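Chemist: need the 3D shape of this:
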Amino acid sequence: MPFIVKKTVALIINSGNDYLIQVKANQKHLFQQIKSNISQAVPIDTYSQTQRSRGRQEARHVELYNCLEGISKDWLNLEALVYVRRRDTEKKAATIVKSISTSQAYLPRVQNWSPKAYEVIG
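Modeler: Numbering: from 1, shown residues only. Below you'll find the model as predicted:
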C-alpha cells in the first residue's frame, strides 16, 4: 500500500469510521487488478444519475462489486470495490460540441451501504 499509509487506514477503522479511497491510475497494479476483477463480475448493486445544467449533461453510473480476488489484504476490512463511469456531454443548439467519458475506482469500507453513499461518490 505505497500511496496510503497503513497506519492511517488502521486509525480510521479503530475509530469506528468508514473510508472511501480513490484509486489513481498511477497505482498501476491495484488499478489494473480492479479493472480485471470487474470485467469478469456482475455488480451487486448499481446507481445511475443524470444531471443537466446550462447546455451540459453529466451521466454517472456507479457499480458496487464484491469481487476482491487479487486485492492486497493490506487494505484492512475492505468489503467491496466501487467503479464509477461518467460521461459529460456539452451541447450548443442541439449539436454535441464535446463529449468526455471517464472512469474511477474506489476502495470503500462502508458498514451500512445505502443509496446516499452513491450520491457522495457520484
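Chemist: flag the shaky bits of this structure, pLDDT-wise.
Modeler: Scanning the chain for pLDDT under 70 picks out 1-6, 76, 96, 111-122.
Chemist: buried residues of the longest strand seen in the chain, list them for me.
Modeler: Longest strand in the chain, counting residues (DSSP state E): strand 95-109. Buried residues in strand 95-109, defined by neighbour count with 16 or more other Cβ atoms under 10 Å: 104-109. In this view, the C-beta of every residue, glycine as well, is placed from N, C-alpha and C.
Chemist: mind checking how far the most far-flung residue of the chain relative to its centre is from Arg87?
Modeler: Here the chain reaches farthest from its C-alpha mean at Ala93, the gap being 33.0 Å by Cα atoms, centre = their mean. Note on Ala93: its distance to Arg87, by Cβ to Cβ, to the nearest Å, is 20 Å.
Chemist: which secondary structure elements does the longest strand of the chain sit against?
Modeler: Under the contact criterion of 3 or more Cβ pairs under 8 Å, 6 or more residues apart in numbering; DSSP states H and E, strand 95-109 touches strand 19-23, helix 28-39, strand 81-92.
Chemist: gap between the helix or strand containing His61 and the chain center?
Modeler: Element membership for His61, per DSSP states H and E: strand 56-65. Between the centre of strand 56-65 and the centre of its chain there are 10 Å (Cα atoms, centre = their mean, to the nearest Å).
Chemist: again, but for stretch 40-52
Modeler: With Cα atoms, centre = their mean, you get 10 Å for stretch 40-52.
Chemist: which of the residues in that stretch are buried?
Modeler: Buried positions in stretch 40-52, judged by neighbour count with 16+ other Cβ under 10 Å: 43, 47.
Chemist: then stretch 67-86?
Modeler: So, applying 16+ other Cβ under 10 Å, buried residues of stretch 67-86: 67-68, 75, 78, 80-84.
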